[in-house]
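1. Sequence first, then the predicted structure:
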Amino acid sequence: MEDPDTVAVLVILSFLSVLGTIGNATVLYIYVTKKDKSTAGVFIMTLAGTDFITCLVIVPYTEIAVYLQYRLLYDLPCKIYMFLITCNVPFAAFIMVAIAIDRYFCICHPFAHAINLKRAKWVVLFLICFASTLGLITSMTHSVYRLIPRIDQTTYLNVTSVWNNTFHSYENPFCNTSSVGCSNMTLTTNVVIYGDVTTISALNFLPTMKYDIAYDGLCTPSDILIGETFREIYQKVYAGFYLMSFIAVLILYGMIYRAIHKHRVKKSKRKKSNLYPSQTDFTLVETQTTMTMHANGTEMVDLKPQPTPEQRERKRKASRLTLREKTLYANIRTAAILFVVTIVFLFAFLPAWLMAHHIISFNSVVFYMYFVYNVANPFIYAFMNKSFRDDLRRLLKVQ
């Protein structure tokens, strides 16, 4: 009988896989068919594509691994799974940082044009390559084979100092009468003197460590291709990427909030100082005379107030400011949506990250809930983005 936690994990992952595949396919279709492309759209499409592949391929793959208790039997499926599962997470984290940088420049430095469509695509390509490198390293540190240490009877003699050119016999310290397959033997060595060395201080016998490759079918860390020391260092670096991404995102969105707050303060001051005068202010106006002749011969004079050149110039400036305000608020709304996406990502992966580093106790149901993030994004867009909702309605009407 299956473990209840395992059954719960399989049911949850199946539900998330179906829901996430449909939702992210919809997001991909809407943003791919949009005519007006933007840097935010490029990153959203990248996220949707990543989430779509995750829900379509990686989540079912994880279900198989969990059901088999990671006894994948063959080395290639083991390495492919570890590649997919480990390059997916850092890639999503890096995209979150790229989105935060993009929103920072759009809101805080709108005229810098630091990230355009071409640069955004190059950033995505670079992040794919970098995340794939991390996934490749992880796949090389996992296998269904193990190294089993085997001690050989051959010993190396390390002489630190000797006296006289002579022959000496020493017992092998790694063998004793109770050792299996190892008899108590003596080692005779010819020691050659170089210079005036008068004493022997140490003789160290070191065993030749050899390893056998054993098969157990479990997809777990292995030292066959990459040693344990490198793997432990790499695991710390890999975990550090998540932490650094979290800190970078917090700093960038903090700077965005600070810029928005400053903008609101300035706008409030402008309103108080009547920087935008009313269009009905006729203190300095020109008049236009209109002559109207009626049938009875009477003549009517119509005087219409006309704005002065100074007022027309103010109106043009106000119009330009209004357009700038609209662009700024559009960027702020996009930043708010993507900020929510980032927060969901960070908190979805946080429990699994803490469990992986033994900071909190392991719970399989909670651990695999990080896949919720890959399903949540379409619902975030639908809830917070009116344009996305309109596109979704049009898509449903066409269907």
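-> Yep, that arrived.
2. okay, now the domains of this structure?
-> Domain ranges of the chain: 4-141+227-277+315-398, 147-219, per automatic domain parsing.
3. Save those domains as CSV, and put in mean neighbour count and mean pLDDT too.
-> Just so you know, the C-beta spots here come from the backbone N, C-alpha and C atoms, and that holds for glycine as well. Shown next, in CSV, are these (neighbours: other Cβ atoms under 10 Å; pLDDT from 0 to 100):
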stretch, mean neighbour count, mean pLDDT
domain 4-141+227-277+315-398, 16, 82
domain 147-219, 12, 51
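4. So residue 39 sits against residue 116, correct?
-> Yes. Proximity of residue 39 to residue 116 meets the contact threshold set by Cβ atoms under 8 Å, at 6.8 Å.
5. Check which helices and strands the host helix or strand of residue 129 is in contact with.
-> Per DSSP states H and E, residue 129 falls inside helix 117-140. Packing contacts for helix 117-140, counted by 3 or more Cβ pairs under 8 Å, 6 or more residues apart in numbering; DSSP states H and E, involve helix 39-53, helix 75-108, helix 228-272.
6. tell me the angle it makes with helix 39-53.
-> 30 degrees (axes from the mean of the first three to the mean of the last three Cα atoms, to 10 degrees).
7. Now do helix 117-140 and helix 228-272, the angle between them.
-> Relative orientation of helix 117-140 versus helix 228-272 (the same axes, to 10 degrees): 150 degrees.
8. got the CA coordinates for helix 117-140 in PDB?
-> The C-alpha atoms that make up helix 117-140 are tabulated as PDB, following Å, rounded to 0.1, in the frame of the first residue of the first chain:
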ATOM      1  CA  LEU A 117      13.600  44.400 -27.100                       C
ATOM      2  CA  LYS A 118      16.900  43.200 -28.600                       C
ATOM      3  CA  ARG A 119      18.800  43.400 -25.300                       C
ATOM      4  CA  ALA A 120      16.000  41.700 -23.500                       C
ATOM      5  CA  LYS A 121      16.200  38.700 -25.900                       C
ATOM      6  CA  TRP A 122      19.900  38.600 -25.500                       C
ATOM      7  CA  VAL A 123      19.500  38.600 -21.700                       C
ATOM      8  CA  VAL A 124      17.100  35.700 -21.900                       C
ATOM      9  CA  LEU A 125      19.400  33.700 -24.100                       C
ATOM     10  CA  PHE A 126      22.400  34.300 -21.800                       C
ATOM     11  CA  LEU A 127      20.300  33.300 -18.700                       C
ATOM     12  CA  ILE A 128      19.200  30.100 -20.500                       C
ATOM     13  CA  CYS A 129      22.800  29.200 -21.200                       C
ATOM     14  CA  PHE A 130      23.900  29.900 -17.700                       C
ATOM     15  CA  ALA A 131      21.100  28.000 -16.100                       C
ATOM     16  CA  SER A 132      21.700  25.100 -18.400                       C
ATOM     17  CA  THR A 133      25.300  25.000 -17.300                       C
ATOM     18  CA  LEU A 134      24.200  24.700 -13.700                       C
ATOM     19  CA  GLY A 135      21.800  22.000 -14.700                       C
ATOM     20  CA  LEU A 136      24.500  20.100 -16.500                       C
ATOM     21  CA  ILE A 137      26.800  20.200 -13.500                       C
ATOM     22  CA  THR A 138      24.100  18.900 -11.300                       C
ATOM     23  CA  SER A 139      23.300  16.100 -13.700                       C
ATOM     24  CA  MET A 140      27.000  15.000 -13.600                       C
END
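9. what's that helix in contact with?
-> Contacts of helix 117-140 with the rest of the structure, by Cβ atoms under 8 Å, 6 or more residues apart in numbering, involve 37-39, 42-43, 46, 79-80, 82-84, 86-88, 90-91, 94-95, 98, 102, 115, 225-226, 234, 238, 241.
10. before we move on, what about stretch 251-269?
-> Residues outside stretch 251-269 that contact it (Cβ under 8 Å, 6+ apart) are 97, 100, 101, 103, 104, 107, 108, 328, 332, 335, 339, 342.
11. How about the contacts made by the second one?
-> The neighbourhood of residue 100, defined by Cβ under 8 Å, 6+ apart, consists of 248, 249, 252, 253, 256, 338, 342.
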